[in-house]
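Chemist: what shape does this take:
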Amino acid sequence: MTRRLPSSASRLRLPVLAALLALLAASPAPADEGWHDLHEAVREGRIVPLPDILDWLEARYVGQVLEVELERDDGRMTYEVEMLGPQGQVVEFAFDAASGQLIGMEGVNINGMRREDGAE
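Modeler: This is a model prediction of the structure:
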């Protein structure tokens, strides 16, 4: 019997899903309304689904997701994704949640995480 290993996308999403489940379990009841609003925003196309952001990152950068945050700053929602690179570097990528566009990144040796075959 051949055992199929999980794809890198599955390995990438596992820590993110675990973190989101932990947040949901720890959230008080009023936060449920906020989660409902977020689901509605994704369904209506007002924000990009998180898996789309993670797929984009996986296609262009090598690393493991450490943390994902969805923040609202001055009315603008952003995804912040912190990744651990193959040389131990930690890099944070910021995405506009409405468009899905990369709006910033910071860290050390970011180029050491770029995939050679990654799309631009």
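
Chemist: how about the helices in the chain?
Modeler: 8-26, 29-43, 50-60 (DSSP state H).

Chemist: out of these, which gets the lowest mean score?
Modeler: Lowest mean pLDDT within those: helix 8-26, a mean of 49.

Chemist: check what pLDDT Gly45 gets.
Modeler: On the pLDDT scale, Gly45 gets 91.

Chemist: ditto for Thr78
Modeler: On pLDDT, Thr78 comes in at 95.

Chemist: mind checking how far it is from Pro86?
Modeler: Distance, Thr78 to Pro86, using Cβ to Cβ, to the nearest Å: 26 Å. Where C-beta positions appear, they are placed from N, C-alpha and C, glycine not excepted.

Chemist: the more surrounded of the two?
Modeler: Comparing Thr78 with Pro86 by other Cβ atoms under 10 Å, the one with more neighbours is Thr78, at 17 against 12.

Chemist: just to check, that one is in contact with Asp96?
Modeler: Yes - assessed by Cβ atoms under 8 Å, Thr78 is found in contact with Asp96 at 6.2 Å.
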